[in-house]
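J.: Take a look and give me a structure for this.
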Amino acid sequence: MIVVSNTTPIISLSSINQIELLKKLFGNVYIPQAVYDEIKSKTSFGYNEIDQDFFKVEKIKDRLAVNILLNDLDLGEAETIVLSKELEASIILIDENIGYEIAKSQNLNVERTLSLLIAAKQKGYILQVKPLLDEMINKNRWISKKIYRKVLMFCDELD
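T.: Below is the predicted model of the structure:
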């Protein structure tokens, strides 16, 4: 299985010390150079974690496709979508709505960070999702109240 990730899922999982979930769920995770550079641009969540051996940094071949996507997306999102296509990825991890919708429109199998937490609970890698969501929010990761409730309801963790 080939999985390509954008910046936000890596930062969000790093913020709650759960980056290892990516390795447990997928083995290797491919990232474009722009995502690596974005995370390394400041010492924050993901800065050290991105250098773990299960992250594989790849260069994009189709610069034209990236440039076209830059009309709507930032460089990391554009390269993530193009790399997913170049590697024929099974899954692309992207949280931002516009990037998510564009990836979906290109028939890519898109997942978000919260979907990963649900999968991790289903596989027994974590016991509960709620404390992790709460910690993410406390670390300034934005989750709408509607999505928060929906995820907790799905996980049978709603009080």
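J.: and the next element down the chain from the helix or strand harbouring residue 100?
T.: Per DSSP states H and E, residue 100 falls inside helix 97-105. Next helix or strand after helix 97-105 toward the C-terminus (DSSP H and E): strand 110-111.
J.: Now do that next one: which elements does it pack against?
T.: Counting contacts by 3 or more C-beta pairs under 8 Å, 6 or more residues apart in numbering; DSSP states H and E, strand 110-111 is packed against strand 91-93, helix 97-105. Just so you know, the C-beta spots here come from the backbone N, C-alpha and C atoms, and that holds for glycine as well.
J.: Tell me which of the ones you listed is the most buried.
T.: Across these, averaging neighbours per residue (mean count of other C-beta atoms under 10 Å) puts strand 91-93 on top, at a mean of 25.
J.: Now stretch 125-140: average pLDDT?
T.: The pLDDT scores in stretch 125-140 average 92.
J.: Tell me what angle the helix or strand containing residue 85 forms with helix 97-105.
T.: Remark: residue 85 resides in helix 75-86, with elements defined by DSSP H and E. Interaxial angle, helix 75-86 versus helix 97-105 (axes from the mean of the first three to the mean of the last three C-alpha atoms, to 10 degrees): 10 degrees.
J.: Quick one: distance of the helix or strand bottoming out on mean pLDDT in the chain to the chain centre.
T.: Least confident helix or strand of the chain, by mean pLDDT, DSSP states H and E, is helix 145-154 with a mean of 90. Distance of helix 145-154 from the chain centroid (C-alpha atoms, centre = their mean, to the nearest Å) equals 18 Å.
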